[in-house]
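Peer 1: Sequence first, then the predicted structure, then my questions.
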Amino acid sequence: MIDVHYTPNWLAKAMIELLPEGTSSVGDFCMGEGALLEAAEARFGQAAAYFGSDIDARAVRRARAAHSNWVVSLADLLSVSSLKSSRAWSPDSFDAIVLNPPFSYRGGSGALIAVPALGTIRASPAVAYVDNALRALAPGGTAVLLLPANTLSSERDRAWWAYARGRWSVTVELTSGPRDFPGVVARMAVVRLSPRLDGVALASDPMQAESAWGRPLSIVRGRVPVHSLGRFSVGSDDGVPFVHSTDLRGDLQIHGRPRVVARLGTRGPLVLLPRVGALKQEKIVVWVDAAPIALSDCVFGLRVPVEQVVILAKQLRDRADLISGRYGGSCAPYLTISRLSELLSELGWDPAHVGAQA
Ligand SMILES: C[S@@+](CC[C@H](N)C(=O)[O-])C[C@H]1O[C@@H](n2cnc3c(N)ncnc32)[C@H](O)[C@@H]1O
């Protein structure tokens, strides 16, 4: 596990001092063994409820064994579906959130984050954890975060902090020297996000933030191999049109396409993209119709309600370069379902793989 640097007690206590009097629920979604929640409990005692999760099963077991009064869950803070099924995380719910997240992940250098008004932005891993944690903060709540100090000045996180400053009052409360943490060379900062005094944060519509995030999306992997087309083809008035990755170019032209037996159809609406082959902007194509089409096994279909199809297609087209970097393979590039799911989660969707049947 990377970045498992638990917060020392003195620092946990200092962070908890930054929460307001009267805090009645505290969440930590990278809780480790619970150093921050323990400090919170030392201050607020039974006047507050404590909710913690972590991706590390051993840490979760230990925290659960030591704190039977807390709600503790195993959950991945970067996965929408994992958070939704967690007992410890729920949207817009907590008075206080504390977080000492990993500063990096999977060797990855950056994350995509969907934020209201700005659309999809790129940010550092630490900010990606923070952004998902903050979705659980109730309007009017306070968050105290331990972050690498460079996130506050880095070009990469500038857009996210601009968004955060619009929503909360952001104050840097403490900064550490480079070696104050055993084994960590980075300088760190304790940052507090509290309600803006002008009340703008409350007006910034948490409902909108929520509705723009965590929307269900079905991933369909096409199943008709192009070389077996002959076996399934039917006359021009029957069946459903067959769509191969080479047909993905701007507008989807259905007329004159080969047609295959109806049982191979997948109902729309769908955003289509190649599973195999180079991804370019124009290869992200929209099928707004509910009528079924048969997808070649080189194509992915993403099903969302019709009013979200264009939003999704635009979001993907705007990120075509980034997405093409997720295709692997030494010969023809291809995208796996798990990488596609991961990417869609980063963009704020809640993806699930479903069968291709209509
Ligand atoms: C820097 S430690 C902080 C732990 C604890 N909050 C503390 O202050 O002592 C980061 C924690 O994040 C957890 N973590 C790493 N990736 C995670 C993820 N994707 N979702 C949830 N927790 C994660 C690690 O297991 C680790 O316990």
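Peer 2: Done, it's in.

Peer 1: With Leu193 as the reference, measure out to the closest residue to the ligand within the chain.
Peer 2: Here the chain gets closest to the ligand at one residue, Gly32, 2.8 Å apart by CB to the nearest ligand atom. The way it works is simple: take the backbone N, C-alpha and C, and place the C-beta from them, glycine included. From Gly32 across to Leu193, the span is 21 Å (CB to CB, to the nearest Å).

Peer 1: got the contact list for the residue located most distally from the centre of the chain?
Peer 2: Relative to the average C-alpha location in the chain, and by CA atoms, centre = their mean, no residue lies farther out than Gly235, which sits at 44.3 Å. Residues touching Gly235, when contacts are defined by CB atoms under 8 Å, 6 or more residues apart in numbering, comprise Arg259.

Peer 1: coming back round to it: which SS class is the residue of the chain closest to the ligand?
Peer 2: coil (DSSP: H, G, I helix; E, B strand; the rest coil).

Peer 1: now swap in the one 10 residues further on and tell me
Peer 2: State at Ala42, reduced to three classes by three-state DSSP: helix.

Peer 1: which residues touch it?
Peer 2: Residues near Ala42 by CB under 8 Å, 6+ apart: Lys13, Ile16.

Peer 1: could you redo the last one with a cut-off of 7 Å?
Peer 2: Listed by CB atoms under 7 Å, 6 or more residues apart in numbering, Ala42 has no contact partners.

Peer 1: got a pLDDT number for it?
Peer 2: The predicted local confidence for Ala42 comes out at a pLDDT of 97.

Peer 1: in the stretch 201-350 of the chain, which spans are helices?
Peer 2: 206-211, 229-232, 306-318, 320-324, 337-346 (DSSP state H, counting those that start in this stretch).

Peer 1: repeat for the stretch 51-200 of the chain
Peer 2: With DSSP H, counting those that start in this stretch as the definition, the stretch 51-200 of the chain shows helices at residue ranges 57-66, 80-85, 125-134, 158-167, 200-203.

Peer 1: if we can go back for a sec, what values do phi and psi take at the residue of the chain closest to the ligand?
Peer 2: The phi and psi values for Gly32, taken as degrees, to the nearest 10, are phi 60, psi -130.

Peer 1: isn't it right up against Tyr6?
Peer 2: Yes: proximity of Gly32 to Tyr6 meets the contact threshold set by CB atoms under 7 Å, at 5.0 Å.
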